[in-house]
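Using only what follows, build the 3D model:
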Amino acid sequence: MRAFADLLDRLIYTRSRNAKLALIGQYLRETPDPDRGWALAALTGDLDLPAVKSGTVRALIAERTDPVLFAMSRDFVGDTAETVALLWPENPARAADAEVLTVARVIEQLGSLSRADAPAILADMLDQLDSDERYALLKLATGGLRVGVSARLAKTALAQAFGIDVEAVEEVWHGLDAPYDSLFAWAEGRGTQPSTTDIPVFRSFMLAHPLEETQVDLADYAAEWKWDGIRVQIVHVAGETRLYSRAGDDITGSFPEVAAAYRTPGVLDGELLVKGEAQGGTLDEGGGAASFNALQQRLGRKTVSAKMQAEYPAFVRLYDILFDGPEDLRELPWHARRARLEPFVAALDPDRFDLSRVIEAADFAALTTIRDGARDSAIEGVMLKRRDSPYVTGRRVGLWYKWKRDPLVADCVMMYAQRGSGKRSSFYSDYTFGCWTPDGQLLPVGKAYSGFTDEELKWLDRFVRNNTVARFGPVREVEKTLVLEVAFDSIHASKRHKSGVAMRFPRIARIRKDKPAGEADHIEALLRLAT
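Sure, this is the predicted structure:
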């Protein structure tokens with residue numbers, strides 16, 4: 001655990017991407033199997049120890065320290081694992097020759113426990129470690145590293161450390177299981193590249209750059225709608241179908257009806273959406289989709305009831321093809337892949353799949369007019385794809401652009417604030433804001449923690465501290481005097497919220513020190529914007 005604890009400590013205090021790559025690479029080269037494989041699984045988010053939950057850790061520390069002290073410390077530190085690691089009483093009886101806890105031993109023991117047995121074993125492990133090692137152990141056990149390392153960065157570090165291609169690592173990743181013995185054997189030249197033949201693995205998505213001030217020639221670029229769902233890859237190989245999210249998570253169980261309807265060998269790229277009521281359950285080219293709020297009712301569910309499937313029927317709007325059967329089409333230009341995609345989609349179940357249409361526009365000015373007039377609840381903006389571009393992993397300049405529609409804005413009143421996490425754990429950086437009802441009540445309409453500068457964050461933090469009127473655990477209620485101009489992509493009617501509305505991607509656009517709170521927007525105005 002010592003080496004892994006040191007790695008986490010250094011990653012937390014390292015901001016440079018190249019320095020993080022070097023630290024991870026050094027750890028992977030110097031650490032023996034299977035420790036390095038389990039550590040890599042933790043860094044990429046592929047480690048799951050269901051016997052240990054956050055509640056388990058909180059219950060253990062409650063038995064060993066004052067609950068009020070823990071609550072105040074947790075509020076200040078902003079992270080449960082770090083707080084527990086610091087407050088956990090040192091064990092003076094810990095013998096110098098005590099059993100050495102390795103990452104592999106921790107995974108082996110905790111991975112085989114029931115929830116009833118886990119607390120005692122976890123406590124015994126914590127007693128054997130110092131504070132840095134306890135922090136690393138708790139992060140492993142609960143699965144929330146938060147050390148500024150993405151899954152892609154960890155895989156890149158592996159590739160650079162051993163001189164292999166990161167795209168080749170991505171190609172085989174989802175066909176491997178931790179602790180990745182065959183992956184390291186290949187990386188070190190002791191084995192061949194792992195094969196994913198007949199395995200429905202995930203391939204990394206092609207991504208787009210934001211279109212800023214640039215205009216593009218529509219002779220070179222095709223335009224499609226940017227749909228407001230979740231990006232998915234659907235794979236059928238050797239009789240098995242899998243749905244993957246943009247992050248590579250397997251979401252097949254959340255949308256079983258979509259997986260069941262796809263039985264054609266190949267790999268497709270598209271947007272997962274929910275059918276809109278206006279279409280009566282029948283898909284229509286270029287329409288038929290409900291807002292993201294409807295899709296959200298199904299996200300994150302491991303199992304989905306028949307009732308949920310009926311109330312929120314899912315489908316995939318397809319816009320690219322990576323494999324047609326065993327044939328890899330990714331090197332073909334976009335226009336050739338599109339020519340292969342159209343007949344491919346035509347043969348699929350029309351109740352679960354349709355084709356994202358190409359927007360016809362004479363020139364960029366005409367496209368601008370079309371985009372500006374798009375307020376369909378399922379449209380975020382426009383995608384621009386170079387007609388001769390192959391399908392390549394990641395963001396490549398000049399190939400694909402995303403051109404989001406201009407955000408909506410509303411003047412809202414700050415109501416509550418809460419500390420952030422990580423480097424913001426000392427600041428009140430998460431703000432709940434509201435708008436007025438006709439009878440003068442202020443009801444919450446959203447929460448935001450982005451959009452402001454570091455200097456504005458310091459000003460907002462001082463405002464919260466100087467204007468607190470009540471406390472509810474880590475949450476502070478503030479005087480209802482500060483107006484925030486909030487930008488958001490869309491807003492939807494919602495029965496789950498008392499205000500009746502739910503914002504999509506809210507962020508703070510401006511601090512309106514000049515505007516009286518009584519002049520902030522009314523909920524009725526937001527409802528008129530709802531789609």
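
so what's T252 up against?
T252 makes contact with 241-243, 259, according to C-beta atoms under 8 Å, 6 or more residues apart in numbering. Any C-beta I mention is one placed from the backbone N, CA and C, and that applies to glycine too.

Could you do W400 as well?
Shown in contact with W400 (C-beta under 8 Å, 6+ apart): 206-209, 383-386, 389.

so how far is A141 from it?
40 Å (C-beta to C-beta, to the nearest Å).

and the closest residue to A42 other than its chain neighbours, what are its phi and psi?
Spatial nearest neighbour of A42, chain neighbours left out: L140 (5.6 Å); criterion: C-beta to C-beta, 6 or more residues apart in numbering. For L140, the backbone dihedrals are phi -60, psi -50 (criterion: degrees, to the nearest 10).

Wait, a helix at A42?
Yes. Using DSSP: H, G, I helix; E, B strand; the rest coil, the assignment for A42 is a helix.

From V147, how far out is it?
Counting by C-beta to C-beta, the gap from A42 to V147 is 10 Å.

of the two, who's got more company?
A42 (26 against 18; other C-beta atoms under 10 Å).

mind checking how far the more buried one is from D177?
Taking C-beta to C-beta, one finds A42 at 14 Å from D177.

same thing with A39?
On the measure of C-beta to C-beta, A39 and D177 end up 15 Å apart.

what do you get for K302?
20 Å.

K53 now?
Computed as C-beta to C-beta, the K53 to D177 distance reads 23 Å.

Compare these two (neighbour count), which wins?
K53 (15 against 12).

Contacts only, for the more buried one.
Residues counted as contacts of K53 (C-beta under 8 Å, 6+ apart) are 115, 142.

returning to what we had before: run a quick neighbour tally on the residue nearest to A42.
25.

show me what contacts it?
For L140, the contact set (C-beta under 8 Å, 6+ apart) comprises 4, 42, 47, 49, 103, 106-107.

Can you name the two of those residues that sit furthest apart?
Farthest-apart pair in the contacts of L140 is F4 and L49; separation 14.8 Å (C-beta to C-beta).

neighbour-wise, which of the two wins?
Remark: of F4 and L49, F4 carries more neighbours, 25 against 20, as counted by other C-beta under 10 Å.

Does that one belong to a helix, a strand or coil?
Quick answer, by three-state DSSP: F4 is helix.

hang on, isn't it packed against A104?
No. With contact defined as C-beta atoms under 8 Å, F4 does not reach A104; the gap is 10.4 Å.

how close does D66 sit to L138?
Applying C-beta to C-beta to D66 and L138 gives a distance of 19 Å.

of these two, who's got more company?
Neighbour totals were compared for D66 and L138, and L138 leads with 26 against 12 (other C-beta under 10 Å).

Just give the closest residue to the more buried one, not the sequence neighbours.
A81 (3.8 Å).

Look up which helix or strand the one you found falls in, please.
When elements are assigned from DSSP states H and E, A81 belongs to helix 80-87.

Name the residue closest to the centre of this protein, please.
Nearest to the geometric centre of the chain sits A247, at 6.9 Å (C-alpha atoms, centre = their mean).

where's it relative to T481, distance?
Separation of A247 from T481 (C-beta to C-beta): 40 Å.

hang on, the earlier thing: which residues are common contacts for A42 and V147?
K139.

what's the burial count for D363?
Number of residues near D363 (other C-beta under 10 Å) recorded here: 11.

got a pLDDT number for the nearest residue to it once chain neighbours are set aside?
In space, and not counting its chain neighbours, D363 is closest to L218: 6.1 Å by C-beta to C-beta, 6+ apart. Looking at L218, its pLDDT reads 95.

I'd like the distance between L218 and L207.
From L218 across to L207, the span is 21 Å (C-beta to C-beta).

Repeat that for D249.
Distance of D249 to L207, computed by C-beta to C-beta: 16 Å.

just I379 next, same as before
Distance of I379 to L207, computed by C-beta to C-beta: 19 Å.

Ok, P326 next?
Using C-beta to C-beta, we find P326 at a distance of 25 Å from L207.

Which one's more surrounded, those two?
Neighbours per residue, other C-beta under 10 Å: of P326 and L207, the larger number sits with L207, 15 against 10.

ok, now how distant is the closest residue to that one other than its chain neighbours from M206?
The shortest distance from L207 to any non-neighbouring residue, by C-beta to C-beta, 6+ apart, is to R395 (4.5 Å). According to C-beta to C-beta, R395 and M206 sit 8 Å apart.

where do the contact lists of these two overlap?
Between them, R395 and M206 share no contacting residue, judged by C-beta under 8 Å, 6+ apart.

Compare these two (neighbour count), which wins?
Each of R395 and M206 has its neighbours counted (other C-beta under 10 Å); M206 has more, 21 against 13.

contacting residues for the more buried one?
So M206 contacts 269, 320, 391-394, 396, 399-400 (C-beta under 8 Å, 6+ apart).
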